[in-house]
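Engineer: output the structure for:
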Amino acid sequence: MSLKIGVVGATGNVGREMLSILSERGFKSNDIFAIASNRSEGMKVPFGEDELKVKSLDKFNPKEIEIALFSAGGDISKEWAPKFAEVGCIVIDNSSHFRMDPEVPLIVPEVNAEAISSFKHKNIIANPNCSTAQLVVALKPLHDKNKIKSIIVSTYQSVSGAGKEGMDELFNQSRKFFANDVLDNVKFTKRIAFNVIPHIDKFMDDGYTKEELKMKQECHKILDPDIKFSATCVRVPVFIGHSEAVTIEFENKMTVQDAHAALKDAPGCSILDERKDGGYVTPIECAGNDDTYISRIREDTAFDNGLSIWVVSDNLRKGAALNAVQILELLREKHLK
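Structural biologist: Okay, here's the model as predicted:
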């Protein structure tokens, strides 16, 4: 089935990745519309071996397309996604704006594909936070095998999660550091070059940040509302790829062998778990790949039924663009025949 698809925010990091993935997965350039702000109108963005001319969001008629992938920030989604949805265009939104709306499904296809049917309430489907997406892909097969009671996760999130400005700041600060020049903090609250920042998004009254709250709420909505959850989200000087150190408490004993068996053939999961130098995955290896990689699988010594794992994924792909395109493909397969 041929679909007309719009990518809103086509000039940003995630928007460009969406176009790249659509091309990789066989969508044709004459079915794709690149949409962005007025200042980007007329510029060209790559689509496989072709180029697409960017159209202005203000002037675009959503009746020209059947599905819109939004990745232009929460304010744009808040204003424009309902306008697209009202005229029959299905919106897949990458911002946080609709994620906790009870009438909007929050979907990771490997985890809760069946929940997508409720999109008809508002014609909008939400894409989860980048750190949530890779986490629940790794947790789902373990939870199916042995019910999870609690999760403690520390994330190590790359600067691309903060957009082009975040990547530029790391690059410029690194260059200026070696030139003994003044380092300016613009995007981040402290210097990001050769540093880590235990702060992503706004602080809440309880001391957690909004990013940490998002992970908790989204994990509950996607996987299981009864799981106790605590996160610490850290920005690190890596360009692409989020990493997570995860400690899981199960209802019953979970051995390393049990975990390997559960994860071995799980959709979207790849295991590299060798107890030797280099026997694990880092952000450098995951960049540009679709899978969520699990390493350092071991029984946790703080819980009787605990397991600790290391989870790594490309945040621009599975954490954003790829998941949105997988939702699109799920819609096409199950609901748009």
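
Engineer: what sits against the closest residue in space to Glu86 that isn't next to it in sequence?
Structural biologist: In this structure, Glu86 finds its nearest non-sequential neighbour in Asn123, 7.7 Å apart by CB to CB, 6 or more residues apart in numbering. C-beta here means a position set from N, CA and C on the backbone, and glycine is covered the same way. The contact partners of Asn123, taken as CB atoms under 8 Å, 6 or more residues apart in numbering, are Ala85, Glu86, Gly88, Cys89, Ile90, Val91.

Engineer: repeat that for Thr132.
Structural biologist: Val108, Lys214, Met215, Glu218, Cys219, Ile222.

Engineer: among these, who's most crowded?
Structural biologist: Met215 (28 neighbours; other CB atoms under 10 Å).

Engineer: surely it meets Ser230?
Structural biologist: No. In this structure Met215 lies outside contact range of Ser230 using CB atoms under 8 Å: 9.5 Å.

Engineer: overlap in contacts of these two?
Structural biologist: Val153.

Engineer: hey, where'd the strands end up in the stretch 101-250 of the chain?
Structural biologist: For the stretch 101-250 of the chain, the strands defined by DSSP state E, counting those that start in this stretch occupy 124-126, 148-157, 228-235, 242-250.

Engineer: most tightly surrounded among those strands?
Structural biologist: Counting by mean count of other CB atoms under 10 Å, strand 124-126 has the highest mean neighbour count of those, with a mean of 25.

Engineer: name the helices or strands packed onto that one?
Structural biologist: Secondary-structure packing of strand 124-126 (3 or more CB pairs under 8 Å, 6 or more residues apart in numbering; DSSP states H and E): helix 74-86, strand 90-93.

Engineer: try it again at 10 Å.
Structural biologist: Applying 3 or more CB pairs under 10 Å, 6 or more residues apart in numbering; DSSP states H and E, one finds that strand 124-126 makes contact with strand 67-70, helix 74-86, strand 90-93, helix 322-334.

Engineer: what segments of the stretch 151-300 of the chain are helices?
Structural biologist: Using DSSP state H, counting those that start in this stretch, the helices of the stretch 151-300 of the chain run over 164-178, 210-222, 256-264, 283-286.

Engineer: those helices: which one's closest to Glu103?
Structural biologist: The closest of these to Glu103 is helix 210-222. By CB to CB, the value is 12.3 Å.

Engineer: returning to that earlier point: would you turn the strands of the stretch 101-250 of the chain into a markdown table with mean pLDDT and distance to Val14?
Structural biologist: Shown next, in a markdown table, are the strands of the stretch 101-250 of the chain (pLDDT from 0 to 100; distance: least, CB to CB, whole Å):
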| stretch | mean pLDDT | distance to Val14 |
| --- | --- | --- |
| strand 124-126 | 98 | 14 |
| strand 148-157 | 98 | 14 |
| strand 228-235 | 98 | 17 |
| strand 242-250 | 98 | 13 |
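
Engineer: output the helices and strands packed on strand 124-126 in JSON lines, with mean neighbour count and mean pLDDT appended to each entry.
Structural biologist: Listed next are the helices and strands packed on strand 124-126 as JSON lines, based on neighbours: other CB atoms under 10 Å; pLDDT from 0 to 100:
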{"stretch": "strand 67-70", "mean neighbour count": "28", "mean pLDDT": "97"}
{"stretch": "helix 74-86", "mean neighbour count": "17", "mean pLDDT": "96"}
{"stretch": "strand 90-93", "mean neighbour count": "26", "mean pLDDT": "98"}
{"stretch": "helix 322-334", "mean neighbour count": "20", "mean pLDDT": "95"}
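
Engineer: the ones you listed: which one's closest to Asn185?
Structural biologist: Using CB to CB, the nearest of the helices and strands packed on strand 124-126 to Asn185 is helix 74-86, at 23.1 Å.

Engineer: sketch out the low-pLDDT regions of the stretch 1-150 of the chain for me.
Structural biologist: Scanning the stretch 1-150 of the chain for pLDDT under 70 picks out 1.

Engineer: could you chop this protein up by domain?
Structural biologist: 5-128+320-334, 131-315 (automatic domain parsing).

Engineer: do you know which of the strands of the stretch 101-250 of the chain lies nearest Arg99?
Structural biologist: strand 124-126 (4.4 Å).

Engineer: returning to that earlier point: could you say which of the helices of the stretch 151-300 of the chain is packed most deeply?
Structural biologist: It is helix 210-222: most buried of the helices of the stretch 151-300 of the chain by mean count of other CB under 10 Å, with a mean of 21.
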